[in-house]
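*Asks:* The following comprises the amino acid sequence and a computationally predicted model.
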Amino acid sequence: MHGMQLHEEDGQRKYLTPEKRDTFLKAAEDAPREVRTFCATLVYSACRITEELGLTTGRADLKVPLNMVQEWLGHAELSTAAIYVDADSAAAQTNRSKDVGLMAYKKTIVCLANSIKQHPGRCIAGKEVLPGGEFGDWIRPIGDRPSDEVLPSEFRYPDNSVPKLLDIIDVPLLRSRPNDHQKENHVIDASKRWQKRGSIPAEQLSDLRDKPKTLWINNHQTETKDGIYNCLTPEEATTQTYSLTLIRPEDFVIIVASKTWDGVTKKKCMTRFRYNSVVYALSLTDPVATDAFRTKDEGEYALENVDICVSLTEPNLKEMPPRCYKLVAAIFSEEPF
C-alpha cells in the first residue's frame with residue numbers, strides 16, 4: 001500500500017509549502033471580496049477547485065471543530081478556544097437579535113442612481129415618494145455588509161429584471177444606518193423582494209433637482225490630470241450632511257480614454273462639466289452610460305440638457321492618504337447614448 005506521494009514522477013512538488021500558501025493568501029488580499037473568499041476557502045478547506053465551484057451555502061457546514069479553532073488562533077488550551085467560540089457565537093446572535101423585534105419598514109423611492117460598486121454589486125439610491133405623491137429625502141438602500149453594496153440577488157424584481165433609472169420601487173428595509181456624511185443609508189431586508197410600482201417621466205426630473213451652491217468642498221483633486229475637484233479628505237467629508245445630489249450641469253462632456261492597469265489596457269469614461277461657474281472632472285459609474293461610450297472611439301462627447309446624480313463615496317482606505325470621491329453615478333439624457 002503506497003503512502004501519500006509529495007512529488008510527481010518528474011520531481012515536481014504536488015502540494016504547496018506553508019510559505020507558498022502564505023504568499024498565495026497575501027496576494028489574494030488585494031483582490032475583490034469574492035476572490036479573497038474563494039482563495040481562502042481553497043487554502044483552509046483543501047478542496048479541489050471544481051469542488052469549490054459547486055459549493056453553495058446550503059452545502060456548507062458552518063460548525064468548525066474546536067481543535068481547528070485552537071490551531072488557527074494559536075491557543076495552548078482547547079478550553080481557551082472554546083471561550084472565543086462561545087463569545088463569537090454570542091456576538092453573532094446579538095447582531096442577529098438587533099433585527100428581531102424591529103419594526104421592518106418599506107420606503108418607496110424613485111430610482112436616481114444604479115451605479116457600479118464592487119462588481120457585481122451596485123449602489124442604488126433615489127428620493128422617497130411620499131403618500132401624497134410629492135418627493136422627500138434621499139434614500140440609499142445598502143447591503144448589511146462592511147462595503148454596503150447591494151447584490152443582484154438582493155435588488156432584482158420578482159420577474160428577475162433589475163431596477164432602472166426613474167423606476168418607482170418599494171424597498172423593504174430593516175434599519176437606518178447613517179455613516180458619517182452618508183446620512184441617507186438604510187439597511188435592506190434581504191429576505192424580501194423589491195417591487196416595481198411604475199416609473200416617472202423624464203420631464204418630472206425638474207421636480208427632483210437639488211440646488212447646492214457647490215459640490216461639497218472644492219479643495220482637492222487627485223494628482224493626475226484626470227480629476228478636477230474630484231475628492232475630499234475624510235476629515236472634510238465628516239463635516240458634510242449629505243452624499244447624494246441631483247443637479248443640472250452645463251457644458252457636460254464624457255471623455256473616453258484608454259488606461260493601463262497591471263499591463264492591461266481598458267477604456268475608461270470620465271466626465272467634465274461646469275456647475276455654478278466651477279469646472280469639475282469626475283469618474284463615471286453609470287453602467288448604462290459606460291457600456292455605451294466604451295464602444296466609441298477615444299475622444300470627447302458633448303451631451304446637451306442632461307441631469308446628473310453625483311455621489312460622495314466613503315473613504316477609500318486602500319490608498320494613502322484615503323479620499324472620498326465625487327462620482328457621476330447616473331446621467332439622465334434627453335437623447336439616447
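*Replies:* Perfect, thanks for sending it.

*Asks:* can you map out the strands along the stretch 1-150 of the chain?
*Replies:* 105-116, 122-129, 135-142 (DSSP state E, counting those that start in this stretch).

*Asks:* same for the second one, what does it pack against?
*Replies:* Taking 3 or more C-beta pairs under 8 Å, 6 or more residues apart in numbering; DSSP states H and E as contact, the helices and strands that strand 122-129 lies on are strand 105-116, strand 135-142, helix 152-155, strand 306-312. Every C-beta, even on glycine, is put in place using the N, C-alpha and C of the backbone.

*Asks:* give me every residue that touches the residue lying closest to residue 287 once chain neighbours are set aside.
*Replies:* Computed as C-beta to C-beta, 6 or more residues apart in numbering, the closest residue to residue 287 that is not its neighbour in sequence is residue 116, at 5.3 Å. Residue 116 makes contact with 122-123, 285-287, 290 under the criterion C-beta atoms under 8 Å, 6 or more residues apart in numbering.

*Asks:* pLDDT below threshold where in this protein?
*Replies:* 1-15, 33, 54-102, 223-225 (pLDDT under 70).

*Asks:* Residue 151: which of the contacts of residue 116 is nearest?
*Replies:* Nearest to residue 151, judged by C-beta to C-beta, of the contacts of residue 116 is residue 122 at 8.1 Å.

*Asks:* I'd say the closest one and residue 155 touch.
*Replies:* Yes - between residue 122 and residue 155 there is a contact under C-beta atoms under 8 Å: 6.5 Å.

*Asks:* Looking at these two now, which is surrounded by more residues?
*Replies:* More crowded of residue 122 and residue 155, by other C-beta atoms under 10 Å: residue 122, with 25 against 22.

*Asks:* which residues sit in contact with that one?
*Replies:* By C-beta under 8 Å, 6+ apart, the neighbours of residue 122 are 114-116, 149-150, 152, 155.

*Asks:* cool, residue 186 as well?
*Replies:* Applying C-beta under 8 Å, 6+ apart to residue 186 gives the contacts 107, 139-142, 171, 173-177.

*Asks:* which one of the residues you listed has the most neighbours?
*Replies:* Most surrounded of these: other C-beta under 10 Å gives residue 141, at 27 neighbours.

*Asks:* need the contact list for that one.
*Replies:* Going by C-beta under 8 Å, 6+ apart, residue 141 touches 107, 109, 124-125, 150, 155, 171, 173, 186-188.

*Asks:* same question, residue 104
*Replies:* Contacts of residue 104 by C-beta under 8 Å, 6+ apart are 172-174, 189.

*Asks:* Quick check: the two most widely separated of those?
*Replies:* The widest separation within these (C-beta to C-beta) is 8.0 Å, between 172 and 174.

*Asks:* Show me whatever sits in contact with both of those two.
*Replies:* When C-beta under 8 Å, 6+ apart defines a contact, the residues bordering residue 172 and residue 174 alike are 104, 188-189.

*Asks:* For those, give me TSV that also has distance to residue 132.
*Replies:* TSV is the format used below for the shared contacts of residue 172 and residue 174 (distance: C-beta to C-beta, whole Å):
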residue	distance to residue 132
104	23
188	25
189	25
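
*Asks:* So which of the contacts of residue 186 is the closest to residue 19?
*Replies:* Distances from residue 19 to the contacts of residue 186, taken by C-beta to C-beta, are shortest for residue 142, at 39.1 Å.

*Asks:* Check the gap between the closest one and residue 160 for me.
*Replies:* Noted for residue 142: a distance of 22 Å to residue 160, by C-beta to C-beta, to the nearest Å.

*Asks:* how many neighbours does residue 106 have?
*Replies:* Applying other C-beta under 10 Å, we find 13 residues neighbouring residue 106.

*Asks:* What distance do you get for it to residue 189?
*Replies:* Taken as C-beta to C-beta, the span from residue 106 to residue 189 is 9 Å.

*Asks:* Identify the contacts common to these two.
*Replies:* The contact lists of residue 106 and residue 189 share 172-173, where a contact means C-beta under 8 Å, 6+ apart.

*Asks:* Save the contacts of residue 122 as a markdown table, and put in distance to residue 320 too.
*Replies:* Shown next, in a markdown table, are the contacts of residue 122 (distance: C-beta to C-beta, whole Å):
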| residue | distance to residue 320 |
| --- | --- |
| 114 | 31 |
| 115 | 25 |
| 116 | 24 |
| 149 | 23 |
| 150 | 28 |
| 152 | 32 |
| 155 | 33 |
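
*Asks:* where do the helices sit along the stretch 101-250 of the chain?
*Replies:* Using DSSP state H, counting those that start in this stretch, the helices of the stretch 101-250 of the chain run over 152-155, 234-237.

*Asks:* domain ranges for this protein?
*Replies:* 18-97, 105-206, 213-333 (automatic domain parsing).

*Asks:* Kindly check the end-to-end length of the second one for me.
*Replies:* Criterion C-alpha to C-alpha, to the nearest Å; first-to-last residue distance in domain 105-206 is 28 Å.

*Asks:* Is it possible to get TSV of the helices and strands packed on strand 122-129 that adds distance to residue 250?
*Replies:* Putting the helices and strands packed on strand 122-129 into TSV (distance: least, C-beta to C-beta, whole Å) gives the following:
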stretch	distance to residue 250
strand 105-116	20
strand 135-142	23
helix 152-155	33
strand 306-312	10
